[in-house]
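S.K.: need a 3D model of the following:
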Amino acid sequence: MSASEGANYAPAPMPKPVVEPGEFVFAAMHLDHGHIGGMTQGLIDAGGTLKWVYDRQPERAQAFQEKFPQVQIASSEEDVLADEQVHLVAAAAIPSDRAPLGIRVMEAGKDYFTDKTPLITREQLAAAKEAVERTGQKYAVYYSERIHVEAAVLAGQLIDRGAIGKVIQVQGMGPHRMGDPSTRPDWFFERARYGGILTDIGSHNFEQMLTFTGSEDAEILSSSIGNFGNPDRPELDDYGDAHIALSSGATGFVRVDWFTPDGLRTWGDGRTFILGTEGYIELRKYVDVTTDHGPGQVILVDGQGEHRINATGEVGYPFFGDLILDVLHRTENAMTQAHAFKAVELAIAAQEQARELTGR
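M.R.: Predicted coordinates:
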């Protein structure tokens, strides 16, 4: 097979809406991170009906309504939580506020869908687990770098089909662009509010390591953090890495940073490298540097040859439909609760034991 085909690795059928209008009603609130737009659109595309938005800053709610004109602006959080029609609340609060908000949502009898990182301390993790057990509600997490990236979705399908044999190592690279620091909110630079780089953006990668290796647990072997380029903001980690051993016998490595150069055409050259016993996969998620191939590139090498597959527009995002059906049927097909919590537990552990590289 030529490097441009990949015909033997056709993706699963594109997902379709899983419910009729009005069958699954959700709300959005606490719009502190831009990921709320992707979370909302994903649920709408899967058939969800967006009813409410609430934010403490009215101008943010108004901007959200301009993007989603069907939504009503609520006057308070309580108005949303009191609405018996609402099945789920999606939110992208400040990271330190995500667990308390989620507990309030679940205590109101609704499922919760939060941006990553879903929480930032062991104490918050324990409180969230207790609330899930007590209320019977779901605490779902938007680990977007897998569930909302078609290359990663296709990689999961290929691994499940045995395309590269048993996965024995996963490496994730998550560079981000800082941009002008003055445009960032204060909480972005405060450790007690964003949780540290491995807890925050690193949580994406721990979730992918668990998923692609089929693991339920892992151990942090080593981790490091540093502030190499922002000495005027000493609580910011602009670099982090971690090495883990997974319960499947595989290993994983993650590197995250805030050093995307201005010359890159997008916010970060996110890549994942997956080694199997019978082949390997590279994901060029957001850009294929120096080419016009675009994002969503899956590079697969196996016993038959070299294959390039463009996943863009081919596989969609089945997580959102699965989540809606999980909420309605009380199943766990999108992501188990244990998995969602284990990913952030590993991220917190890596952050806690990280070696400081820059003498802060």
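
S.K.: for the longest helix along the chain, give the mean pLDDT please.
M.R.: Among all segments of the chain classified by DSSP state H, the helix with the greatest residue count is helix 337-352. The average pLDDT within helix 337-352 is 98.

S.K.: do a quick rundown of the helices in this structure.
M.R.: 35-45, 58-67, 77-81, 95-107, 122-135, 144-147, 150-160, 191-194, 202-213, 318-329, 337-352.

S.K.: so what touches the third one?
M.R.: If you take Cβ atoms under 8 Å, 6 or more residues apart in numbering as the criterion, helix 77-81 is touched by 27, 29, 52, 54, 74, 86, 89, 104-105, 108, 110. For glycine as for every other residue, the C-beta is placed from the backbone atoms N, C-alpha and C.

S.K.: same thing with the fifth one?
M.R.: Taking contacts as Cβ under 8 Å, 6+ apart, the residues outside helix 122-135 that touch it are 99-100, 102-103, 106-107, 109, 118-119, 137-139, 337, 341, 344-345, 348, 352.

S.K.: tell me the angle it makes with helix 95-107.
M.R.: Interaxial angle of helix 122-135 relative to helix 95-107 (axes from the mean of the first three to the mean of the last three Cα atoms, to 10 degrees): 10 degrees.

S.K.: residues contacting residue 348?
M.R.: Contact analysis of residue 348 by Cβ under 8 Å, 6+ apart lists 120-122, 125, 195, 199.

S.K.: now, of those residues, which are buried?
M.R.: With neighbours counted by 16 or more other Cβ atoms under 10 Å, the contacts of residue 348 contain buried members at 120-121, 125, 195, 199.

S.K.: restricting to C-alpha, output stretch 49-67 in CSV.
M.R.: C-alpha atoms of stretch 49-67 as CSV (Å, rounded to 0.1, in the frame of the first residue of the first chain):
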residue,chain,number,x,y,z
THR,A,49,-30.9,20.9,23.0
LEU,A,50,-29.2,23.9,24.6
LYS,A,51,-31.6,25.8,26.8
TRP,A,52,-29.7,28.0,29.3
VAL,A,53,-26.4,29.9,29.7
TYR,A,54,-25.2,31.6,32.9
ASP,A,55,-22.0,33.5,33.7
ARG,A,56,-21.1,35.9,36.5
GLN,A,57,-20.0,38.3,33.7
PRO,A,58,-23.1,39.3,31.7
GLU,A,59,-21.0,40.2,28.6
ARG,A,60,-19.6,36.7,28.4
ALA,A,61,-23.1,35.2,28.5
GLN,A,62,-24.1,37.7,25.8
ALA,A,63,-21.1,36.7,23.6
PHE,A,64,-22.0,33.0,24.1
GLN,A,65,-25.6,33.8,23.0
GLU,A,66,-24.3,35.5,19.8
LYS,A,67,-22.6,32.2,18.9
